[in-house]
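Trainee: below are the sequence and a predicted model for it; my questions follow.
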Amino acid sequence: MFRVVRTLGLAFGLLVAALTAQGPEFAQQYAQRLGGALDELRRSIATLDADAQATGNSREQALERLRQNPDAFAARRGAAARADIERLKTLEAQKQALDTAPSPLGRLFVIAKEPDLGIARAAYRDYRPAVPTTVDGVVAGLLGFLAAWAGWRVTADFGRHMARRTRRRRVETTPV
């Protein structure tokens, strides 16, 4: 029986290793999508700034004019532009945190801390698992294997200990 449990623990460890090895690649794809989102937001805001300047306004004046416009469509466009500016600031801060992460494994923690859900969903939707060929993928897989295998061993040892204890109690309480 112990061999079966040990084999299951090894299989579980390998499965978790394969899953955790995907983390650095997902972080890379997330970072690429983040870069694309930043480029598009910068382009959109640059267009707003150019239009504002062409009409003799600053960005803030143009946004305020749009917000106060009685036309609901124009007012909504102003609110959307303001939301884009805020999102740009947030995504730039996250990009900076990703760029300064101490390692590619550190990028996973940056993403997990405060992900942009739209970017994360899109990266996940298009993500295709791959065999890790980078040091980071191998390290992440090894860490996942060790954590899963150790957890399995602790759980199996605890279960075996409890089973022995139950058997001993039954033997002691059996009537003669």
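Mentor: Perfect, I can see it now. Numbers count the residues shown, from 1 in each chain.
Trainee: okay, buried residues for the lengthiest helix in the chain please.
Mentor: For the chain, the helix with the greatest residue count under DSSP state H is helix 135-173. Neighbour counts over helix 135-173 (16 or more other Cβ atoms under 10 Å) mark 136-137, 139-141, 143-145, 148-149, 152 as buried. Bear in mind the C-beta positions are built from the backbone N, C-alpha and C, glycine included.
Trainee: all strands of the protein, in order?
Mentor: Using DSSP state E, the chain contains no strands.
Trainee: now it, which segments are flagged as low pLDDT?
Mentor: Per-residue confidence for the chain (pLDDT under 70) gives these ranges: 1-2, 131-133, 167-176.
Trainee: just the helices in it please.
Mentor: Under DSSP H, the chain gives helices at 2-20, 23-54, 59-68, 72-99, 104-113, 117-126, 135-173.
Trainee: packing partners for the last one?
Mentor: With contacts defined as 3 or more Cβ pairs under 8 Å, 6 or more residues apart in numbering; DSSP states H and E, the packing partners of helix 135-173 are helix 2-20, helix 23-54, helix 104-113.
Trainee: again with the first one
Mentor: For helix 2-20, the packing partners by 3+ Cβ pairs under 8 Å, 6+ apart come out as helix 135-173.
Trainee: any idea of the angle the helix it packs on forms with helix 23-54?
Mentor: Relative orientation of helix 135-173 and helix 23-54, computed by axes from the mean of the first three to the mean of the last three Cα atoms, to 10 degrees: 130 degrees.
Trainee: chain center to helix 135-173: distance?
Mentor: Here helix 135-173 is found 28 Å from its chain centre; the criterion is Cα atoms, centre = their mean, to the nearest Å.
Trainee: before we move on, what about stretch 66-74?
Mentor: For stretch 66-74, the distance to the chain centre is 37 Å (Cα atoms, centre = their mean).
Trainee: also stretch 52-60?
Mentor: Once both centres are worked out by Cα atoms, centre = their mean, stretch 52-60 turns out to sit 38 Å from its chain's centre.
Trainee: with stretch 101-115 instead?
Mentor: Between the centre of stretch 101-115 and the centre of its chain there are 8 Å (Cα atoms, centre = their mean).
Trainee: and stretch 68-84, what's buried?
Mentor: The neighbour-count check on stretch 68-84 (16+ other Cβ under 10 Å) flags 77-78, 81-82, 84 as buried.
Trainee: what's that stretch in contact with?
Mentor: Applying Cβ atoms under 8 Å, 6 or more residues apart in numbering, the contact partners of stretch 68-84 are 41, 44-45, 48, 63-67.
Trainee: number of nearby residues for P115?
Mentor: P115 has 15 neighbours, counted by other Cβ atoms under 10 Å.
Trainee: nice, that's everything, thank you.
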